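In: test case, fold it:
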Amino acid sequence: MSFMDLAKNRYSCRAFTAQAVEPEKLAQVLEAGRLSPTAVNAQPVTVKVIKSPEALEKIRGITRMAYNAPVVLMVCYDEPNCYTAEKYNDNFNSGVMDASIVTTSMMMQATDLGLATLWARGFNASYIESAFEFPDNLKLACLLDIGYADPENGGPSPRHPVRKSMEEFASEV
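Out: Numbering: from 1, shown residues only. Next comes the predicted model:
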């Protein structure tokens, strides 16, 4: 599948089957994230894999954003190890950006493997960090739900194909 096909076909899935994600597919998804670029190659991102019944029950008890996916990835960043642009006086910290790049790579790899995903951030991260006993330096950026789309209810939303025109999206300066 070409990258443009991946970009067009990937959508936010909110209904998954109970079918397990094959270990080799999950390994490929995680490898795509591991190989992703980060600011100054600091690699501050770490991924917590939720797939045991106990861990899935815990995350589902905190947020509906797990959508009953058989695998939920908690994409986190180690805040002190992120690139910062202090010399520019703008308080930039690359953590969320680096985690977003890693999540996008994993999401696209999952799509290429026939898996469905949902990039989720509709929750209070501190609740999840506390429930899963994160150390103070580790911050949750997002969840990435992964599994097989429910054929009846797991398709793209009606908003999926709606896009700005190229003129609205990009302009020369």
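In: counting contacts, what elements does the longest strand seen in the chain pack onto?
Out: Ranked by number of residues, the top strand in the chain under DSSP state E is strand 138-147. Where contact means 3 or more CB pairs under 8 Å, 6 or more residues apart in numbering; DSSP states H and E, strand 138-147 is packed against strand 71-78, helix 95-112, strand 116-120, helix 125-131. C-beta here means a position set from N, CA and C on the backbone, and glycine is covered the same way.
In: could you rerun that using 10 Å?
Out: Contacts defined by 3 or more CB pairs under 10 Å, 6 or more residues apart in numbering; DSSP states H and E place strand 138-147 against helix 23-34, strand 45-50, strand 71-78, helix 95-112, strand 116-120, helix 125-131.
In: so what's Asp145 closest to, chain neighbours aside?
Out: Ala69 (3.6 Å; CB to CB, 6 or more residues apart in numbering).
In: what do you get for Ala7?
Out: Met108 (7.7 Å).
In: coming back round to it: contacts for the helix or strand following the longest strand of the chain next, please.
Out: Sequence order places helix 166-169 as the next helix or strand after strand 138-147, per DSSP states H and E. With contact meaning CB atoms under 10 Å, 6 or more residues apart in numbering, helix 166-169 is reached by Arg163.
In: quick one: mean pLDDT over helix 166-169.
Out: Mean pLDDT, computed over helix 166-169, is 97.
In: and for stretch 29-44?
Out: 97.
In: re earlier: give me the sheet partners of the longest strand of the chain and which way each runs.
Out: strand 71-78 (antiparallel), strand 116-120 (antiparallel) (DSSP bridges).
In: and stretch 137-156, what's buried?
Out: Across stretch 137-156, burial judged by 16 or more other CB atoms under 10 Å covers 138-150, 154.
In: thinking again about what came up before, wait, the residue nearest to Asp145 sits on Trp119?
Out: No - here Ala69 does not reach Trp119: they are 11.7 Å apart, not a contact under CB atoms under 10 Å.
In: list residues touching both of those two?
Out: With CB under 10 Å, 6+ apart, Ala69 and Trp119 have common neighbours 143-145.
In: in terms of secondary structure, what does the least confident helix or strand in the chain by mean pLDDT contact?
Out: Ranking every helix and strand in the chain by mean pLDDT, DSSP states H and E puts helix 3-9 at the bottom, with a mean of 93. With contacts taken as 3+ CB pairs under 10 Å, 6+ apart, helix 3-9 sits against helix 95-112.
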